[in-house]
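**Student:** quick check, what structure comes out for this input:
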Amino acid sequence: MANSWLTPLLEDLFACLRFYSRLDVPGDASGALRFPAALRALPLAGAIIGGCGAVALLCARAAGVPPLPAAACAIAALVAVTGALHEDGLADVADGFGGGATRERRLEIMRDSRLGSFGGAALTLALTARVAAVGALAERGLWLAMLALVATGAVSRVAGLAPLVLLAPARRDGSGAAVARPDATTLRTALALSGLVAAPLLFAGLSLLQVLAAGASAVAAALYVTRLSSRHIGGFTGDTLGCAQQAAEIACLLALCAR
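**Tutor:** Residues are numbered from 1 along each chain as shown. Next up, the predicted model:
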């Protein structure tokens, strides 16, 4: 009986990990055929990705590395595991929205693989904010910081779906146009799993209000990116999804380290 729901969930998890990370997981690209439904397992995939950062943080601290540089090791691990997938989206959106005067020009800039001034500045600030937040959490407690990385990995990726859920594709031929919108059941499952992944933070010294505020901050940040995307390019692209995830992750981490 357990296999009737566990096996499909594992297949969905592997599909998400293949798309969102460079981890070597079972299966092949055919799992992408049911990708919209597979998004129900996205919080679990995000937790595993965040767990890679948590392990890097643990190893750095065990080796005697101070909290701040140890946090840099954790964020570096996240970038390596995801292949800078979300960071690339953040940089492209910053370049496009910051440097384009028209919708067409913004989309053109976002497709350019070269990094511009706005993208470079956005990446620098984003990485600095993430490292500083994880470092602040690590100073308060190693397990708190590790659980925060796991929880934020899950929550930010679900929140980062906001442009996909609320907007139409900005291009007919872009990667975003090929991704179908997840249904309500998929989203409810993803939200519920996000809550379960974040729940251990309550046993690491944070109050329920702090955890809820962190989740709300992640959603608010992703919704802000969604609004910008609607205004500047009239829809979403794969880059705006990556940007929304990064904004949600930063907002969530900052809320968790706030006193």
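**Student:** thought residue 44 was touching residue 13?
**Tutor:** Yes. Between residue 44 and residue 13 there is a contact at 5.2 Å, judged by C-beta atoms under 8 Å. Just so you know, the C-beta spots here come from the backbone N, C-alpha and C atoms, and that holds for glycine as well.
**Student:** in which helix or strand would I find residue 186?
**Tutor:** Following DSSP states H and E, one finds residue 186 within helix 184-198.
**Student:** how about residues contacting that helix?
**Tutor:** Residues external to helix 184-198 that are found in contact with it (C-beta atoms under 8 Å, 6 or more residues apart in numbering): 36-37, 39-44, 46-47, 150-151, 154-155, 158, 161, 165, 182, 211, 214-215.
**Student:** buried ones only from the residues you listed, please, as a ChimeraX command.
**Tutor:** Entered in ChimeraX, the line below selects the buried ones among these, by 16 or more other C-beta atoms under 10 Å:
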select :37,39,40,41,42,43,44,46,47,150,151,154,155,158,161,182,211,214,215
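**Student:** among the contacts of helix 184-198, which ones are in helices?
**Tutor:** Here DSSP state H is the test, and the contacts of helix 184-198 give 36-37, 42-44, 46-47, 150-151, 154-155, 158, 165, 211, 214-215 as lying in helices.
**Student:** centre of the chain versus stretch 190-205, how much separation?
**Tutor:** Once both centres are worked out by C-alpha atoms, centre = their mean, to the nearest Å, stretch 190-205 turns out to sit 16 Å from its chain's centre.
**Student:** CA-only coordinates of it in PDB, if you can.
**Tutor:** Coordinates of each C-alpha in stretch 190-205 appear next as PDB, following Å, rounded to 0.1, in the frame of the first residue of the first chain:
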ATOM      1  CA  ALA A 190       3.900  21.700  -2.000                       C
ATOM      2  CA  LEU A 191       2.800  24.300   0.600                       C
ATOM      3  CA  ALA A 192       2.100  21.600   3.100                       C
ATOM      4  CA  LEU A 193       5.500  19.900   2.600                       C
ATOM      5  CA  SER A 194       7.200  23.300   2.900                       C
ATOM      6  CA  GLY A 195       5.600  23.800   6.300                       C
ATOM      7  CA  LEU A 196       6.700  20.300   7.400                       C
ATOM      8  CA  VAL A 197      10.300  21.100   6.300                       C
ATOM      9  CA  ALA A 198      10.300  24.400   8.200                       C
ATOM     10  CA  ALA A 199       8.700  23.000  11.400                       C
ATOM     11  CA  PRO A 200      12.000  21.800  13.000                       C
ATOM     12  CA  LEU A 201      13.000  25.500  13.300                       C
ATOM     13  CA  LEU A 202      10.600  25.700  16.200                       C
ATOM     14  CA  PHE A 203      12.900  23.300  18.100                       C
ATOM     15  CA  ALA A 204      16.000  25.400  17.300                       C
ATOM     16  CA  GLY A 205      15.100  28.500  19.300                       C
END
